[in-house]
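1. here's my sequence, what's the structure:
(one chain, ligands or ions: 2)
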Amino acid sequence: MNESQAPASGSSPGLRPRRAPAVSLVEIAGLIGGEIATPEIMLNGVTLDSRAVRRGDLYLALPGLSSHGAKYAAQAAQAGAAAILTDQPGAEMLRGSPAEGLPLLIVPEPQRWVGRIAERIYRDDSAGAEHLQLFGITGTNGKTTTSYLVRSILAALGRRSGLIGTIETLVGEQRVDSTLTTPAATDLQALFALMREESLDAAVMEVSSHALTLGRVDQVVFDVAGFTNLTQDHLDLHGEMTEYFAAKASLFSAEHAKAAVVTIDDEWGSKMAAAAGVPVTTLRTTLPEALVASAEGLAEADWHVRSAVPQGLGWQVELAGEGKSLTFRTSLPGEFNVSNAALAVLMVHVSGVSIEDLQAALDQFDPLSIQVPGRMQLICREPISVVDFAHNPDALHRAMEAVRPAHGDVTGQLIVVFGATGQRDQSKREIMGALAARHADVVIVTDDDPHDEDPAQIRDQVFAGALHSAWDDTRVENVAPRAAAIDRAVELASAGDRILVAGRGHEVWQEVSGVNLALDDREELRTALRKYGFTPEPLPEIES
Ligand SMILES: CC(=O)N[C@H]1[C@@H](OP(=O)(O)OP(=O)(O)OC[C@H]2O[C@@H](n3ccc(=O)[nH]c3=O)[C@H](O)[C@@H]2O)O[C@H](CO)[C@@H](O)[C@@H]1O[C@H](C)C(=O)N[C@@H](C)C(=O)N[C@H](CCC(=O)O)C(=O)O
Ligand SMILES: Nc1ncnc2c1ncn2[C@@H]1O[C@H](COP(=O)(O)OP(=O)(O)OP(=O)(O)O)[C@@H](O)[C@H]1O
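-> Ligands and ions are numbered 1, 2, ... in the order given. Model (predicted):
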């Protein structure tokens, strides 16, 4: 394990079109109802992060939650900002600063204009500019997975699309790690411009509720918006579930979408479909046997999963609707991945691809059998070893069921390695310990991101929960550091067993007391598997 530099500061992915735009400051002033009395200044870009400023940029010095962008205006000026937009308090902060001499636009609530300005600056008005088809996915869980699946289906159809999400941003050959799930409007519009420049024909992206609330997708109209599900999360920002729902629902209005595919497996899905202000295709993916058992009965849906038959770790699925049916395979474990795959298929259909063309691409290229970094990622087949991002009780439960389904003819023991993050919801620690002890044969409690908390204390809480609920023959161990816990899991495994390493997925840094330590569960698992004589799967082409 190496002590290492913190990942790059700032939240900008830093990708811009090569051809610099040229939009006058006067035009931007007119757009937002402001005035500027300076000679003509042409802008080549726009950013709200001083650390990402390039020569000729308009720097948006915005009030933030913890500071004011005007505080960083000197840095922006030094990096070559051509002008600054801010509010009155920001303008006052600029007095006496090295940035004072720059042309200044002052408007109340400048954050309201970020999307408009960014869209204008990066818009391509040239004749014949191609339309970039936009796919946006929202929901509490499944956004990342579904976006990779949509992109993979588009590739099977011979199309080149960019990807923007929690893990990474992909534009042609360029790839950068993501800091945000949905980038700031300035970065987003720059990415769209770069994608057009690279002759991509689509962008597939995750749309977080933060992005919808904070205006990061202002001026963006998705050709198809998709909804996965809604469960409790992010109430620190939204306060209540109804607010959280309302934030997500804003994606399904004419302001942000032309058409929608909404999964209606939970009550929020049905509400979302009813609230949508655009044409909606509904999708029900709950398997028939679960529905029969459900007191609520069948909700009407335009499309539904008619069957999902386990095949290896994945599924063979039949989707029915519009008097037609579609069949596909996915190698991804877990019933929830049947839902993600079905949503991805329907989003591509709703974007204008016929069922026939879609079926041909699904048959020929098997595009739903891919590896999504750190999401139910298969590292080895013997023993079946999976790394997943599940980091709350519900997700951990589902992930364990996916790796060793509760039903079916499955032998071998389930070994699970996980921990809990420090300085976050403490109540989930014992619950996760208890769940693991109920569903796995071997539970190895270890560290996640302790942040500034004592890691041993966090482990003790998880461990206590596990011990309390363990069956007589459940083995529960407390092992740190995490690499040693993964090693221990493999040491205890036979070829017919199943190992789940949960909680960190694609992450490659573990934060301990403000220091970032290099740690990649997938690498540690592969190393341990080789050490004990097993053969991991070949490395995927890109592992982020
Ligand atoms: C809570 C939240 O969303 N905060 C976002 C917000 O930060 P803020 O208002 O606190 O900004 P601030 O730190 O006070 O700084 C004020 C201004 O100065 C600028 N600044 C700041 C420092 C500097 O050196 N130079 C500089 O120019 C900032 O860009 C900002 O414009 O505006 C910043 C600029 O756009 C964002 O980077 C920042 O996201 C932070 C990093 C963040 O962690 N956000 C998370 C919660 C988030 O958005 N998550 C969702 C996914 C959630 C999920 O589904 O799990 C996401 O879409 O990623
Ligand atoms: N449709 C789904 N329903 C419930 N759980 C899911 C679903 N899809 C994935 N999961 C679980 O949630 C975890 C995160 O999945 P994924 O990254 O695709 O979702 P996300 O919405 O992008 O979440 P995050 O923003 O936390 O990355 C997975 O590792 C898996 O355990």
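2. surely Ser178 touches Pro13?
-> Yes: under the contact definition of C-beta atoms under 8 Å, Ser178 touches Pro13, with a separation of 6.6 Å. Bear in mind the C-beta positions are built from the backbone N, C-alpha and C, glycine included.
3. shared neighbours, these two?
-> Contact criterion C-beta atoms under 8 Å, 6 or more residues apart in numbering; residues shared by Ser178 and Pro13: Thr169.
4. mind listing the helices for the stretch 101-250 of the chain?
-> Using DSSP state H, counting those that start in this stretch, the helices of the stretch 101-250 of the chain run over residues 114-122, 143-156, 185-197, 209-213, 235-238, 241-249.
5. if we can go back for a sec, between Ser178 and Pro13, tell me which one has more neighbours.
-> Neighbours per residue (other C-beta atoms under 10 Å) separate Ser178 from Pro13, with Pro13 holding more: 26 against 20.
6. A strand includes that one, no?
-> No: under DSSP: H, G, I helix; E, B strand; the rest coil, Pro13 falls outside any strand and is assigned coil.
7. can you check what pLDDT the model gives it?
-> As predicted, Pro13 sits at a pLDDT of 87.
8. one more: the one 4 residues further on?
-> The score at Pro17 is 95. That number is its pLDDT.
9. kindly report the residues of the protein close to ligand 1.
-> Where the chain comes near ligand 1, counting by C-beta under 6 Å from any ligand atom, the residues are 11, 48-51, 62, 64-67, 69, 72, 180-182, 184, 208, 210-211, 214.
10. so where do the helices sit in the stretch 401-544 of the chain?
-> Taking DSSP H, counting those that start in this stretch as the criterion, the stretch 401-544 of the chain carries its helices at 427-439, 455-469, 482-491, 521-531.
11. in terms of secondary structure, what does the last one contact?
-> Secondary structure elements in contact with helix 521-531, counted by 3 or more C-beta pairs under 8 Å, 6 or more residues apart in numbering; DSSP states H and E, are strand 377-381, strand 384-388, helix 482-491, strand 498-502.
12. next: the shortest one.
-> Packed against helix 482-491, as judged by 3+ C-beta pairs under 8 Å, 6+ apart, are the following elements: strand 414-418, strand 442-445, strand 498-502, helix 521-531.
13. and those as JSON lines, adding mean pLDDT?
-> Shown next, in JSON lines, are these (pLDDT from 0 to 100):
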{"stretch": "strand 414-418", "mean pLDDT": "98"}
{"stretch": "strand 442-445", "mean pLDDT": "98"}
{"stretch": "strand 498-502", "mean pLDDT": "97"}
{"stretch": "helix 521-531", "mean pLDDT": "98"}
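14. now the ones you listed in CSV, with mean neighbour count and distance to Pro455?
-> Converted to CSV, the helices and strands packed on helix 482-491 look like this (neighbours: other C-beta atoms under 10 Å; distance: least, C-beta to C-beta, whole Å):
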stretch, mean neighbour count, distance to Pro455
strand 414-418, 27, 14
strand 442-445, 28, 11
strand 498-502, 27, 17
helix 521-531, 21, 16
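15. can you list these in a markdown table and add distance to Leu343?
-> As requested, these are exported to a markdown table (distance: least, C-beta to C-beta, whole Å):
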| stretch | distance to Leu343 |
| --- | --- |
| strand 414-418 | 27 |
| strand 442-445 | 32 |
| strand 498-502 | 23 |
| helix 521-531 | 26 |
